[in-house]
Structures are given as C-alpha cells and as structure tokens.
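Asker: here's my sequence, what's the structure:
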Amino acid sequence: MDNFDIQAILDALLGGNLVVLLLAGFIILCIYLGIRIVPQSQKFVVERFGRLRSVLGPGINFIIPFLDRVAHKISILERQLPNASQDAITKDNVLVQIDTSVFYRILEPEKTVYRIRDVDGAISTTVAGIVRAEIGKMDLDEVQSNRSALITEIKAAVEDAVDAWGIEVTRAEILDVNLDQATRDAMLQQLNAERARRAQVTEAEGAKRAVELNADAELYAAEKTAEARKIQADAEAYATRVVADAIAENGLEAAQYQIALKQVEAIAQVARGQGTQTIVVPADAADAFGKAFQMLKGRV
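Answerer: Numbers count the residues shown, from 1 in each chain. Model (predicted):
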C-alpha cells in the first residue's frame, strides 16, 4: 500500500469524526436551547415566529429549538409603585393633596407584555384618576374619618381597571391627606369652637344633674318626713284604741280613776316645789281625792 492510500484513509477517518463531532455539538446545542429552567419568582413568555406560543411556569420546561424563543422574562413578585401625590377637590370644594401607595403583581404575563407598554405609568395614572373621582364624592370630614372605606373603594376601582392587563392589585394605601394653610387655620378655629361648645354643654349638663340630685334629695326627705308622721299618727291611733278598749272593758269608772290619779300626782308635784308655802287646791280636788279613794277601796 503506497502513501497515497494511507493518506486517503486518514482523511476519510478524520472527515467521519468531524461529522460526528458536528452532529454531537448540534445535539448538545439543541438540548441547551430546548430546555428552559424558570425560577420560582418568574414566568417566561415564549414566542414562535413573533407570535405568542406559551407561558412557562417555574421549573424545567421544554421548547422547540430554533423555532421557539423566550421573548420576555417577567417577575411575578409583588411590586410597589413609587409613592405618588395628586391634588383632588372634595364634594364641599376643599382642595386636598392625597399621597398614595399601590402594591401589585403580575398574574398573566401574556396580557401584560402585549397589552400595555409602561405598567407602572399606566397604574399610576389610573390610580390618580380614581382617587380624584372618589374624593369628589365625599366631604372633607368624610375623607378624614372614613379613610378605610375610601381605600377599599379605590382598591376595588383600580382592580377593575387593570384586570385587562393581567395584574392584581394587592394593596392600596392613602398615606396622608394634606391641606393648605388657610384650610388648616379654618379647621383649627372650627375645632376650638367645637371644644368650647362641648365644654358649655358639659357644664350645663352638670348643673342640670345637680338640680336633679337636689330635687331627689328633697323628695326623699319629704317622703321620710311623711313616713315618720304616718308612724307617729299610727302610734297615737294605737294608743287611742288601747284607751278606748280599756274603757270599753273596765267601764267609765276606770277612766275616772285614772284621771283622779293624774290630778293627785299633779298636786303632789306642785307641793314638792321649792319655797312653796301655799298650795292652791282646786275646788273639786276633794271630790277627786274622795273618788280616787273610793275606787281604790272598791278595787281592794
């Protein structure tokens, strides 16, 4: 075998290996291009010849190399818009400045990338318009006192507006409601007047309560006095009934006997007085003594 034959064989072997190497490299490249590993916090939008093909979720995914390509890598983490401030006029024509903050996340990337260009700008504009519309339905006092209800209304309205973009509004917050200095001064005067009114009302209610308590005390004292008089009258009536019962039981003589004894006791009391030299005895005193002794004798 001459040198020419050996060289031809070597060239054939090298050519065959090169084809194998090229084929192996092509297979590896297809595998590399066909496998897509999507992170947990993202979704991939796949296009085929410029049209939407599919949306890849987290994990290992397969696409057709050279036909399909990952056109967009979208984060599905919750995002916060920069704090925004917009002017609004309340129902009672007060100019206020509302500071808002909105949190959202992308649920359907295929809608977001093909229907809206600037997501943050679009949401900010939508929030500003909705805030102005909602503030215009309320008085200033309602804006200050019903902030939670206002936030709920704004969040619901924003959700309806951005639903076509595949976005979910997770939170909407009103950070502050600012007023101009003239409105603040007017509100301060109103607040001071309200405090003064409440103090006067409290003082008047206290005076009224004091009068009511005094009247209750007088009524209570009158009731107790009436009860005491009633008890005294009942006692006197009871004593009268006892005397009447005694008269009915012992007769008129018993009553006369008691009267005669009382007269004797009265005369004896006068006689025991100091410096008494003369005792004036009633004309019927002797008769009273006689009756008393007769009754006493009769009892014995």
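
Asker: mean confidence for the host helix or strand of residue 44?
Answerer: Taking DSSP states H and E as the definition, one finds residue 44 inside strand 42-48. Here strand 42-48 scores 94 as its mean pLDDT.

Asker: ok, and what's touching it?
Answerer: Identification of contacts with strand 42-48 by CB atoms under 8 Å, 6 or more residues apart in numbering yields 36, 38, 52-58, 61, 63-64, 67-76, 106, 109-110, 113. Every residue, glycine included, has its C-beta placed from N, CA and C.

Asker: redo that, cut-off 10 Å
Answerer: Identification of contacts with strand 42-48 by CB atoms under 10 Å, 6 or more residues apart in numbering yields 36-38, 52-58, 61, 63-64, 67-77, 106-110, 112-114.

Asker: narrow these to those in helices?
Answerer: 109-110, 112-114 (DSSP state H).

Asker: kindly indicate which of these lies nearest residue 175.
Answerer: residue 112 (26.1 Å; CB to CB).

Asker: wait, doesn't that closest one sit right on residue 79?
Answerer: No. Residue 112 is not in contact with residue 79 according to CB atoms under 10 Å; the separation is 11.5 Å.

Asker: okay, those two: which has more neighbours?
Answerer: residue 112 (20 against 16; other CB atoms under 10 Å).

Asker: now do the more buried one against residue 57, distance only.
Answerer: 15 Å (CB to CB, to the nearest Å).

Asker: and for residue 161, nearest residue in space, chain neighbours not counted?
Answerer: Among residues not flanking residue 161 along the chain, residue 126 sits closest, at 4.8 Å (CB to CB, 6 or more residues apart in numbering).

Asker: quick one: mean pLDDT over the helix or strand the one you found falls within.
Answerer: Using DSSP H and E, the element containing residue 126 is helix 119-135. Across helix 119-135, the average pLDDT comes to 90.

Asker: from the rest of the structure, what touches the helix or strand following it?
Answerer: Later in the chain than helix 119-135, the nearest helix or strand by DSSP H and E is helix 140-145. Applying CB under 10 Å, 6+ apart, the contact partners of helix 140-145 are 88, 90-96, 98, 134-135, 137-139, 149-150, 174, 177, 179, 183, 187.
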